Structure formats: C-alpha cells, structure tokens
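Peer 1: Here is my input, please return the structure:
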Amino acid sequence: MSRTLFIGDSHSMGYVGHNSDAGGFDVWKENNYAEIYSGIHNKSVVIMASSGCGNREYVNFLAHALKTYNDIDEVFIQSTYWGRFPLAINPDLDEKSTFSLDFFVEKNKCDSLIDRFSIGLVQKEKYLQAYAKPDFKIPYDISTSPHKQPIITRSSYMYVHSYHYLQTHLEQQDYFKDILLCDTLCHRNGLKLTLWNINDRCYIPKEAANFYSELLATTITNIDAVSYIKNTLKIDLETEKVDIEHYNKTAHEYIAKHYMPYLRRLNERN
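Peer 2: Residues are numbered from 1 along each chain as shown. Now for the predicted structure:
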C-alpha cells in the first residue's frame, strides 16, 4: 500500500492552544486534516509537523521521510508563516561534528494507518533545536540607511535579525532555496509535490516557481484553503476556531474533503 506524506506546522498536527492564563497546548488532536484524509481514503499517511517551526525545517522532514519510507506516492507541504527562524544550543561548538538528519526528529504516537513525527526539541539533555519569532516591538531606527548601517556591537541580535534579515529579500531567498531543495528531493525520487497554504497570511510568492531554477516536481496552489472553502462552499473557516489561531475539526474536515481533492486535481493538470 502506498502512503501520503504531509509536512507542516501546528496546523498539520492537530494543535489546540489552552485559552487560559496558564497557557499550554495539546497536539495530535482531532482537528487534523491529514488524519481525516487518511480516514476518508483508508490510506496510510505520514505526518511530519511541529508547532512553531519554519519552512526551513521542511527540508529535514522531507529528506528524513524519503530515507525512512519507500512507498510514498504523493507529498503535500503546508507553507507556513515567514519570520520563524531556527536557533540551537550546542555547547560542543565543534564545526567538524555532524548530527544525523533525524537527530532532532522524534516519532510520536502511531496507529495502523498513521505515523506521526515532530521536532524533539531537547536531545540528550544537552542539545536543543527550536524556532523563534522576530520581535517587532523593538523600535526601528528610522535613520538607518545604506549610508548608516546598524552598528552590530550596539544592537541586539534580535533587533538586527528582525529588521535587517527577516521580512527582507534575504529571508525570501532562503524560502526559495528551501522550496527548490524540496522540489529536487521529490524530483529525484520520482514524486510530485504540492505546495499549499492554509490561509492568505501564509504567503507564497509566485516567484517561488522559477526563482533560482524552474521547479520540476512541484505544483504551487493558486488559492489558500480558507479562501477556497469560502469561495466554493460559502463557509468562513475563520469562524471555526479552537483558539485564536487554529481551526477546529469541522474546518479540517472541509479541508480534507474539499480542498485536498482540489489540490490533487491541480497537481494532475500540471
């Protein structure tokens, strides 16, 4: 039996944030389009997803999945929000030491049809890999110009990274590289890749299709899931939430039953 690979962030792992002062969250809950898709088609699926992770992580997820399974026949990547960047704790500070591809990948609960993976943030109580978000609450120095660059020794890393890397063409080019690498991995393995976004806040530049080189295995959606459901079914998924950001089971059922088939048809045409 062949299987489908789904890659994404919290929207792809059944995430529910606790609406309380205590905070916290649960994952792998029923609001998961990938699991619903598996049930509809009675098909094996692999889900590689982590809350808060960036698009950069998708390359690792994809490469690990392709080394682990030899029966994947379709790949869906849910493009996520920009601005999330990786950080690590590695006290070895040894550039000659190489971690295995799956060093920070952990297998979570599985059943007969579904294998679930996420980032294992802490390994061996010594190493950490996580994602952070920019802090745009830090005031921007409006006098900055090509003739007055930020003084690195007088500015925090977060300030420089937020305003002079993230949300600039540098981050955009990183995105293009990540998608090109995912495309290359799929092309070499004879697979078709579908790149999609759950809402219009998860921006996919049209230039991604042919920035460094033409994508050979990838179909990029022309409409996000929330907009598609609203346009075709006249249903607003933004009213179907389990917390301020994440959609409920009903919304994910619409995505699995209506939007995913649309993506498959789009892929077949291309």
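
Peer 1: Now that M158 has come up, it's in contact with P134, right?
Peer 2: Yes. Counting by CB atoms under 8 Å, P134 is a contact partner of M158 at 7.2 Å. Every residue, glycine included, has its C-beta placed from N, CA and C.

Peer 1: who's more crowded, these two?
Peer 2: Higher neighbour count among M158 and P134: P134, with 19 against 16, using other CB atoms under 10 Å.

Peer 1: And for the closest residue to that one other than its chain neighbours, the neighbour number?
Peer 2: Nearest residue to P134, sequence neighbours excluded (CB to CB, 6 or more residues apart in numbering): S162, at 3.8 Å. When neighbours are defined as other CB under 10 Å, S162 has 20 of them.

Peer 1: and what of I152?
Peer 2: 11.

Peer 1: Could you pull up the residues touching it?
Peer 2: Counting by CB atoms under 8 Å, 6 or more residues apart in numbering, I152 touches V160.

Peer 1: how far away is it from A88?
Peer 2: 20 Å (CB to CB, to the nearest Å).

Peer 1: Likewise for Y127?
Peer 2: Taking CB to CB, one finds Y127 at 7 Å from A88.

Peer 1: Looking at the two now, which is surrounded by more residues?
Peer 2: Ranked by neighbour count (other CB under 10 Å), Y127 and A88 place Y127 first, with 17 against 10.

Peer 1: so who does the more buried one touch?
Peer 2: A88, I89, N90, F99, F103, F104.

Peer 1: Any figure for the gap between it and I89?
Peer 2: 6 Å.

Peer 1: What of T153?
Peer 2: From T153 to I89 the distance is 23 Å (CB to CB).

Peer 1: Pick out whichever of those two has more residues nearby.
Peer 2: Neighbour count, other CB under 10 Å: between T153 and I89, I89 has more, with 11 against 5.

Peer 1: What residues are bridge-paired with the more buried one?
Peer 2: L128 (DSSP bridges).

Peer 1: That'll do, ta.
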